[in-house]
Each structure stands twice: as C-alpha cells, then as structure tokens.
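# fold the following, please.
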Amino acid sequence: MKSISILLLAFVLAFQCQCQNPYFPKVLNMRERAEVIDRWLDERAETVLPELMKRTGIDMWIIIAREYNEDPVIKTLLPATWQSARRTTMLIVFDPGNGQSLETMAMARYDVGNLFKKVWDKEQQPDQWQALADLVTEKDPKKIGINKSELFALADGLSASHYEMLRNVLSDKYKKRLVSGQDLAIGWLETRTESEMLVYQNIVRMAHQIIAEGFSEKVIQPGVTTTDDVVWWYRDRIRELGFTAWFHPSVSIQRKDPESFEHLRAFSSRPEDQVILPGDLLHVDFGITYLRLNTDTQQHAYVLRAGEKEAPDFLKDAFAKANRVQDIFTGNFETGRTGNEILRLSLEQGRAEGLKPVIYTHPIGYHGHAAGPTIGLWDQQDGVPGRGDYPLYPNTAYSIELNNGIFIEEWEKEIRIMLEEDAFFDGEMVRYIDGRQVELMTIPRELFPNE
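Model prediction:
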C-alpha cells in the first residue's frame, strides 16, 4: 500500500510539473540536443567557415588546446559528446583554393567528431608537433591564422607555451606566415545561421517565460518574499528544466525611498535580501544556456498596491521612454558601422530628444558576453577603443542592453529603467528574437479585468 501511495504521489508531482505552463516550448532530451548541435556544426563548417576564410584571406587556421585549458573557439568546434579537449587537441582548417572544399583535419590519434578527420599516424611520426609541422609544409599555406589577439579574449585562446612550441617546430618560412586569426575567430563565433535562428526564438521564449513565472504571485508574496528568494528560485527553476545559467541572476528594487539607483549598486553593492513590498518596481537580470546558445534579458515588474489594477502612469511613462531609447539605438545599426559609431549616434539622438540614455550592448551567441563589436560600456560612454572599433556584420545577434534615467516627481528621485532584450541583425534591420517587453508585468496578475 505504501509503494502505491509513493507511485501516486510521483505521478501527481510529475503531472503538476508538466502542467505548470502548458505553452512552455519543447525541451529536447540530451540525445536530441547532441544531434542538433552536431548537425549545426556540420552545416556551419560547410556554409559559414568557407566565407570567413575568404573574407579574412587566411588559408590555414590552426586551433590548439590542452585538456581543461580549452581555447574558447575550440569548444565550439568539438562534437556534442566531447566535454573538453583531449590531451593536446590540434584542429586544422585548410582552404586549398580553386573552389575546392575546405579540408578539416585533426592532428590526433582519432577523429574529432564527424567533421575533423585524423591525419596523424603516431607509429610513423611519434612527435605530434613535428607531424603538424610536416602537414604545414605539405599544404604550403600562404597565411596561417592562430588564435592570438590583444583585443578580444575569445580570439586569444592559444596558450603562451603552445605558441612557443608551434614557432619552435615550424621552419622560418612558415613562422613568417603566422598571423593573428582574430577576425576569423570572431567571425566564426558571432555569425548565426538560419537553422540556429529558427531555434533561438524558442530559447529566448523559454527565458522570457521563466522570468514571467518568477515575477508572479506563484513565487512572490509581498511582505514575505525577498529578492534573494526570487534569485534562488530562478536558479532552481533553470536547473529543474535542464538548462544552465551562465551567470547568477540578480533581482533588485526601486521604490519611494531616499536611496539612489546607480548601475554599480544594482549589480554589486545592492542589498542582497530586501523584502518585496507593494509599490515596488522590480528588476531582473537573467540568462540561460541551451544548445550552446545563450540568452541575456533584463525586465521589470510592478507590485500592485491594494486597490490598484495596473502600474502608475508615471512608471508607464518611464518605461515608454526606455523603449524609445531601444528604438533609437537599433535604428542606428548599419552594416560596416563600428560599435563606437553606433554608440555615438544613438547617444546624440537620444539626448537631443530629452532622454538620458546609457548604452552598454554586447553580442550574444556561443557566449553570454559574446564575440563581436562592443557597443558601449556602462562606465565608458565615450566609446571603447579597440573592441568598439570592430564593425557590424550581417547575421549577428546582440543583447540590446541599456537604460534611461528619469526623474520621478512622485518619488522625488531619479530612477533607471534598465532593459535588455536579445535581437538579431540580418544586415538590413534589427528584430527582437522573441519580441521585447513594452509593458510592465504586475504582481499579482489581474484576474478580473472588467470588475
């Protein structure tokens, strides 16, 4: 009898879990995820990589990493079933020219997935590094890209020891042909394919729905629930659904009190355990990782006071002004413009309209703070030398991250509406991958709108 009760309880709990949100997008099991990742990798190697090799003029790309000290790029080239590099993993991409297909090789004892075929016979040449040098001599590349960059961490994955070993084993002829593969590495990481974008919408939808669930009466009881309660609920919910978090979420409060709300306070100096009360304006910063792609979202909710059915007009107006900053900003996206140019144009236009914008947008994709142009930092609104000078390319994705300051007379202080939504630039225009927040969520949700 006891075993039957336990089984019944397990069934009820499983049913409740499935029915919490009947419209939550399908979550793939681990085998399905691996199949999708490997299929995308093969497609990217056939479509994205050849164009990038031509664009950068690099005809051989060498990526080297040691187990547990992975190059950020190599982790995006490994098959889904590999959690890390193995021993010393060497991957080589070679463009033979004349319209021929790229050659993708692994200087390893075994194939690295379906894409990189092994080209090392240890019995014939026991020295892996010499075998690599022999391959370079055989292929005779004119420009050898390596992941070495002063500007971009994601393109600087070749360790100092491996760089020395590579130079020591190559002849002088090929040492002189070593160049930074920065633009190739960044291009590979930042470029999104049509297949990826079809699924990315669902990934961002998942993030949006988790945020909405956390910012609801299901999780928050005003007067009892604290901001840290909500933060840890988000962490547990992410794990429950089978995703990972690429950063710890934050939940913060703006309310009618004498405290200012500065950017630094919101993310590092904020009180960690504030009790949520009616009349509070809540803010969340939240991101998940799924299918090797990341999300990054900041949204707001208002906690209704007794008798209120919606947020006050002054908060609605503040939110609309922040949406206007988004429109100004994304309207300045143009292929070839640098991050610094987009930043300058957007700030000038926003200020001319009487707004008080701060813009700190970053690419999104294989990484949370991903490869591509930096478009402002919250403490560098005059531009970001180097990383902000990288140009905008089509088929890239961004977290449109910014805020607008506005003085609220009813609260006798300035507040900031801090927004972040993931978007895709197709070369002509920006579209939000799963829409954007244009109205404040309310807690609790209204049950009787016509009363």
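# ok, now how distant is residue 55 from residue 181?
In this view, residue 55 and residue 181 are 12 Å apart by CB to CB, to the nearest Å. In short, each C-beta sits where N, CA and C put it, glycine included.
# err, residue 323, not the other one
Going from residue 323 to residue 181 by CB to CB gives 39 Å.
# between these two, who's got more neighbours?
residue 181 (29 against 16; other CB atoms under 10 Å).
# so what's the more buried one up against?
Shown in contact with residue 181 (CB atoms under 8 Å, 6 or more residues apart in numbering): 56, 58, 61, 145-148, 155.
# can you tell me the SS state at the closest residue to it other than its chain neighbours?
Spatial nearest neighbour of residue 181, chain neighbours left out: residue 145 (2.9 Å); criterion: CB to CB, 6 or more residues apart in numbering. Here residue 145 is strand, with the state taken from DSSP: H, G, I helix; E, B strand; the rest coil.
# OK, contacts around residue 145?
Residues near residue 145 by CB under 8 Å, 6+ apart: 56, 58, 60-62, 179-181, 184-185.
# now secondary structure too, for those residues, in CSV please.
Shown next, in CSV, are the contacts of residue 145 (three-state DSSP):
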residue, secondary structure
56, helix
58, coil
60, strand
61, strand
62, strand
179, strand
180, strand
181, coil
184, helix
185, helix
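# can you redo those residues as a markdown table with distance to residue 34 and pLDDT?
Shown next, in a markdown table, are these (distance: CB to CB, whole Å; pLDDT from 0 to 100):
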| residue | distance to residue 34 | pLDDT |
| --- | --- | --- |
| 56 | 30 | 97 |
| 58 | 30 | 98 |
| 60 | 29 | 98 |
| 61 | 25 | 98 |
| 62 | 26 | 98 |
| 179 | 34 | 98 |
| 180 | 33 | 98 |
| 181 | 28 | 98 |
| 184 | 26 | 98 |
| 185 | 24 | 98 |
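# just the buried members of those?
56, 58, 60-62, 179-181, 184-185 (16 or more other CB atoms under 10 Å).
# please identify which helix or strand holds residue 432.
Here residue 432, judged by DSSP states H and E, is contained in strand 430-432.
# now the helix or strand that that strand is followed by, how far from the chain's geometric center?
Downstream of strand 430-432, the next assigned helix or strand under DSSP H and E is strand 441-443. Between the centre of strand 441-443 and the centre of its host chain there is 26 Å, according to CA atoms, centre = their mean, to the nearest Å.
# mind giving me the packing neighbours of strand 441-443?
Counting contacts by 3 or more CB pairs under 8 Å, 6 or more residues apart in numbering; DSSP states H and E, strand 441-443 is packed against strand 297-303.
# which other helices and strands contact the strand it packs on?
For strand 297-303, the packing partners by 3+ CB pairs under 8 Å, 6+ apart come out as helix 194-214, strand 281-286, strand 413-425, strand 441-443.
# report the angle between the axes of the second one and strand 297-303?
What it means is strand 281-286. On the basis of axes from the mean of the first three to the mean of the last three CA atoms, to 10 degrees, strand 281-286 is oriented at 150 degrees to strand 297-303.
# name every strand pairing with strand 281-286 and say which way it goes.
Strand 281-286 has its sheet partners listed here by DSSP bridges as strand 250-254 (antiparallel), strand 297-303 (antiparallel).
# and the next helix or strand past it?
Note on strand 281-286: by DSSP H and E, the next helix or strand toward the C-terminus is strand 289-290.
# fine by me, thanks again.
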